[in-house]
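1. From the sequence below, what's the structure:
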Amino acid sequence: MGVGTHLGSGTEIGDDTVVGTGVEVGPFCVIGAGATVSDGATLEQGVVLMPRVQIGPGTAVGSRTVVDTGAVVGAGCVLGTDAHIGENVRIGIDVRVGPRSIVGGGDGRRRATEEHEAPPPTTLGDRVRLGEGARVGSGAAIGNSTVIDDGCSIAGGAQVGWQARVAAKVRIGPRAAVGDRTRLEADCVVHGTVGRTCRLGR
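-> The predicted model follows:
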């Protein structure tokens, strides 16, 4: 455990865990075996990091958020309260995930002893902004600097390019593709492919 790190009361830390310098861990957190919490990170009250999670330098994880097994969160990110980051998720640098959002599917209730196959990787690129209550399914990929507004649903296997803008409550279906710099207006439903630099209304 690094210099200047503070652990709140009731926090549990598993074996082979690495906690860097200047880390703030709130009360009643759980840090699973083999997890890494890098320098300057903050975990608020009741955060759960499952085994082998990696939290990047300076990243802040909001209260009661769950980060599932093997997920990797880059430097300088903010994960909002009550969010769920699923197994095998990869989050880039300087990403914002809104409160009550789900990335990578699941609800965090699977038992650690349960046999299962790891889900396909789910990726949020650098500087992605994901709004409150948004959902990104397993195997989806969101490109760099894309903004996904509140209440959107990106189904499993969907692809959204870089610098796209997805307005509130948009639904993007399984394995759909949205091109770079495309703008989807509020309440759109997308199945299939939308090309680059398009603008799609209701």
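
2. list the contacts for the nearest residue to Thr59 once chain neighbours are set aside?
-> For Thr59, the nearest residue in space outside its immediate sequence neighbours is Cys77; the separation is 4.4 Å by Cβ to Cβ, 6 or more residues apart in numbering. For glycine as for every other residue, the C-beta is placed from the backbone atoms N, C-alpha and C. Applying Cβ atoms under 8 Å, 6 or more residues apart in numbering, we find Cys77 in contact with 56, 59-60, 91, 93-97.

3. Make CSV out of these and add pLDDT, secondary structure and neighbour count.
-> Compiled in CSV, these are given as follows (pLDDT from 0 to 100; DSSP: H, G, I helix; E, B strand; the rest coil; neighbours: other Cβ atoms under 10 Å):
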residue, pLDDT, secondary structure, neighbour count
Gly56, 98, coil, 22
Thr59, 98, coil, 24
Ala60, 98, strand, 17
Ile91, 98, strand, 29
Ile93, 98, coil, 18
Asp94, 98, coil, 19
Val95, 98, coil, 25
Arg96, 98, strand, 17
Val97, 98, strand, 29
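
4. Just the closest of the residues you listed to Val178, please.
-> Of all the contacts of Cys77, the one sitting nearest Val178 is Val95; the distance, using Cβ to Cβ, is 18.2 Å.

5. and Thr123, helix, strand or coil?
-> Counting by DSSP: H, G, I helix; E, B strand; the rest coil, the backbone at Thr123 sits in strand.

6. The closest residue to it other than its chain neighbours bridge partners, please.
-> For Thr123, the nearest residue in space outside its immediate sequence neighbours is Ala141; the separation is 4.4 Å by Cβ to Cβ, 6+ apart. Under the criterion DSSP bridges, Ala141 forms beta bridges with Thr123, Gln159.

7. swap in Val103?
-> The residues paired with Val103 through beta bridges, assigned by DSSP bridges, are Ile85, Val136.

8. in this structure, what spans have low per-residue confidence?
-> Under the criterion of pLDDT under 70, the regions of the chain flagged as low confidence span 106-116, 202.

9. what do you get if the cut-off is 80, keeping everything else the same?
-> Segments of the chain classed as low confidence (criterion: pLDDT under 80) are 1-2, 105-119, 202.

10. Would you check that Thr146 makes contact with Ile154?
-> No: counting by Cβ atoms under 8 Å, Thr146 stays clear of Ile154, with 10.2 Å between them.
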